[in-house]
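[1] Just a sequence and a predicted model for now, questions to come.
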Amino acid sequence: SDVVLFRSAENLVVGILFTLEGQVDGMMMFMMNMDAARHLVNLLVGSAYQKPSGEFSEMEISALNEIGNIIAGAYLSSLSSLTNILITSSVPYMAIDMAGAILSVPAIEFGKMGDKALLIETEFGDEIQSVNGYFILIPTIESYGAILSSLGL
């Protein structure tokens, strides 16, 4: 199970969900554990904004959404260039919940849409720490076929 990526179904993670639009329909999600999310936010807004409780401030949540937007945009741009298919995404929807709960959203859609998904592990790093995130792309069956066809597969 993909939950293994986060050590336990009960571990808290950040999930940023997008619906796909354009010539490809489906959904995608970018996920990272809380340590990774905290590290990335601190790089962007500085640890001065960190709340003692460990909860994210509105500014930090905004920064996390923007991180998700940038990463998703980069992957979609690359996929669009590679396939010559126009793919755009909705605004991000972010949730902080247990890994099992977050993964249930794409899992339910996965069952409706087909039996194929693309999972990419992403590593961010600086001189202090490297952090991992996961990008899950779930196209509809028709869109999956269109992507493969455009790649000559």
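    Received, thanks.
[2] hey, where'd the helices end up in the protein?
    Using DSSP state H, the helices found in the chain span residues 34-45, 58-83, 99-113, 141-150.
[3] Quick one: closest of those to residue 10.
    Checking the helices of the chain against residue 10 by C-beta to C-beta gives helix 99-113 as the closest, at 7.1 Å. For the C-beta atoms, the positions are set from N, CA and C on the backbone; glycine is no exception.
[4] what's the residue nearest in space to the middle of the chain in contact with, if anything?
    Centroid check for the chain by C-alpha atoms, centre = their mean gives residue 30 as the closest residue, at 0.7 Å. By C-beta atoms under 8 Å, 6 or more residues apart in numbering, the contact list for residue 30 reads 15, 16, 68, 71, 72, 133, 134, 135, 136.
[5] lowest-confidence stretch among the helices of the chain?
    Here the helices of the chain differ in mean pLDDT, and the lowest is helix 99-113 at a mean of 73.
[6] ok so, going back, tabulate the helices of the chain (a markdown table), appending distance to residue 129 and mean neighbour count.
    Formatted as a markdown table, those follow (distance: least, C-beta to C-beta, whole Å; neighbours: other C-beta atoms under 10 Å):
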| stretch | distance to residue 129 | mean neighbour count |
| --- | --- | --- |
| helix 34-45 | 6 | 18 |
| helix 58-83 | 15 | 16 |
| helix 99-113 | 20 | 17 |
| helix 141-150 | 34 | 16 |
